[in-house]
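>>> Just a sequence and a predicted model for now, questions to come.
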Amino acid sequence: MRFRLLGPLTVGSEDSPLDIRGNRLRAVLALLLINSGAVVPMDDIIKAVWGETPPRTVRTQVQVQISTLRALFQSIEGVKISTHPAGYSLHAPPGEIDVLVFDQLVQRGRALSAGRQLDAAAALFREALELYHGPPLCNVDAPFAQLAGVRLQERRLDVLGELFGLELRLGRHQEIVPTLTELVAEHPLRETFWRHLVVALHGAGRRGEAIATYHQVRRLLREELGLDPGRELVAAYRDLLEEEPTAPSTVDREALAATLDCLRLTEQLLRDLRRQLEALSLSLAGPADGCRGPESRAHDSMTAVADEDQTTSQSTVMEWVEPSRSRTEKSCGPEQFRLARVLTSIRPVVGL
C-alpha cells in the first residue's frame, strides 16, 4: 500500500518510503488523496491549505506543489495527477490508498454480518482496523487536516463498536473486557463502548461490576453533559436487572410433577369435603323445634376441631368426611351453635 493517511501521512512502502518534505506539500497531497478520483477546485485547495488569508502568490505556490508531487510519482505506475480547468485530481489504484481499502473491508464486513456470518465479518473488521497506525494525518498542519483527522478517527471508533458488538454475539464476553475498559477510559463520553462493557461484564458472570459500571457512566454523563444515558445503554442495564431464569433441570421437572399430583389430590379432597359440608349445612338449617338432627361422626370431628383451635391433621379431615354412622337424637343446645360457628369459619376455604 503506497499511500497511508490512517496515521502520519506516508508514501511508499515501509522499507523505502518517499520523502515528502514540507508541510504544505503534505497538505496538498493529503487533500488530493482524501478526494481521490474527484476534481478539487483551486479555490478549495487554497482555503483548505492556506486558510482564510492566503498570500497573493498562493496560486503560483499551488502550482509549484503540484509539479513537485508529479515529479515524485512519475516512477510509480498507476498514479497520476491531472490538471482541469477548475483544479486538480489524483488517480491511484484503490488498493494503494489505505482509506479506500478500509472502506472496502468495512463494507464487506457489514454485508457478512447482515448475512449472519459473524466470524468472517469480525475478521474483516479487524483487518480494516489494523490499517490504523496512529492518529490520522498527525503530521499535516493545515486548516482542513484537523477536522479530516477527527473524521477518520471517528470511522475507526464506529467500526470498533461494530466489532465488539459482533464479539458479544459470538459469546466472547470475557475476552473483550480488558480492551473495552481501556476504551471507556480513552473515550469516556462514547456510550457505545460503555454499553458493550456492561453487557460483556454481565456475560462474563461479573454482574456486580456490570451494575457498578452502569452507575459510573450515568454519573459521568450527568456531571459532564447534564444528560441521562441513552436508550440502548438503559436497555442493557434493564436486561442486567432482569436476568433470565435458568432452564429447569430434570430434577426440577420431577419435583414439579410431584407437586402437581399433590395439588390434584388436594383438590379432590376439597371437593369431597365440600359435598359433606353442604349436606351438613342443610341439616343445620332444619326446623328449630327444640330437637336437633341425628349426631354424626362429622359433628364429633368438627367439635374436636373447634376445641383444638382448628389445628386438624389430614387424618382428622379424612375421618370428618367419612359417611355418617348411627344417628341419635339430642336436644338442641350450645354445641349446635358452636358447630355452626366452625362451619361458617371454613366456608371461604371450600367455596361455600
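The structure has been received and is ready for your questions. Because the structure is predicted, anything quoted here is derived from the model rather than measured.

>>> From Leu129, how far out is the residue lying closest to Pro229 once chain neighbours are set aside?
Once flanking residues are discounted, Pro229 sits nearest to Arg218: 5.5 Å by CB to CB, 6 or more residues apart in numbering. From N, CA and C alone the C-beta is placed, and that goes for glycine too. According to CB to CB, to the nearest Å, Arg218 stands 29 Å off from Leu129.

>>> Okay, now the unreliable bits of the stretch 201-350 of the chain?
243-259, 262, 283-350 (pLDDT under 70).

>>> 50 - rerun?
Residue ranges of the stretch 201-350 of the chain with pLDDT under 50: 245-251, 288-299, 301-340, 342-343, 349-350.

>>> And the most centrally placed residue in the chain, how far from Pro229?
By CA atoms, centre = their mean, the chain has its centre lying nearest to Ala236, at 4.2 Å. To Pro229, Ala236 is 9 Å away according to CB to CB.

>>> Give the residues shared as contacts by the two.
Tyr214 (CB atoms under 8 Å, 6 or more residues apart in numbering).

>>> Count the residues that sit near Tyr237.
The number of residues packed near Tyr237 is 22, by other CB atoms under 10 Å.

>>> you'd agree it is in a helix?
Yes: according to DSSP: H, G, I helix; E, B strand; the rest coil, Tyr237 belongs to a helix.

>>> so what's it up against?
Val198, Ile211, Tyr214, Pro229.

>>> Just those: which are in strands?
Using DSSP state E, no member of those falls within strands.

>>> May I ask which of those has the most neighbours?
Comparing those on neighbour count, Val198 comes out first with 26 neighbours (neighbours: other CB under 10 Å).

>>> and the gap between that one and Ala212?
Note on Val198: its distance to Ala212, by CB to CB, is 10 Å.

>>> do the same with Gln268
The gap separating Gln268 from Ala212 is 53 Å, by CB to CB.

>>> Ok, Pro93 next?
For Pro93, the distance to Ala212 - CB to CB - is 50 Å.

>>> Helix, strand or coil: sort out Ile76 for me.
coil.

>>> returning to what we had before: what's the closest of the contacts of Tyr237 to Pro17?
Val198 (42.9 Å; CB to CB).

>>> can you tell me which residues contact that closest one?
Ala210, Thr213, Tyr214, Leu233, Ala236, Tyr237, Leu240.

>>> Pick out the most distant pair among those residues.
Ala210 and Leu233 (11.8 Å).

>>> Work out for me the element Arg219 sits within.
helix 207-225 (DSSP states H and E).

>>> CA atoms of that helix as CSV?
What follows is helix 207-225, C-alpha atoms only, in CSV (Å, rounded to 0.1, in the frame of the first residue of the first chain):
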residue,chain,number,x,y,z
ARG,A,207,-22.9,-8.9,37.4
GLY,A,208,-21.9,-6.6,40.3
GLU,A,209,-19.2,-5.0,38.2
ALA,A,210,-21.6,-4.5,35.4
ILE,A,211,-24.1,-2.7,37.6
ALA,A,212,-21.3,-0.5,39.1
THR,A,213,-20.2,0.3,35.6
TYR,A,214,-23.6,1.5,34.5
HIS,A,215,-23.9,3.8,37.5
GLN,A,216,-20.4,5.1,36.9
VAL,A,217,-21.3,6.2,33.3
ARG,A,218,-24.6,7.5,34.5
ARG,A,219,-22.9,9.8,37.0
LEU,A,220,-20.3,10.8,34.4
LEU,A,221,-22.9,11.8,31.8
ARG,A,222,-24.9,13.8,34.3
GLU,A,223,-21.9,15.6,35.6
GLU,A,224,-20.3,16.3,32.2
LEU,A,225,-23.3,16.9,30.0
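
>>> Show me what that helix is packed up against.
Helices and strands touching helix 207-225, by 3 or more CB pairs under 8 Å, 6 or more residues apart in numbering; DSSP states H and E, are helix 191-203, helix 231-241.
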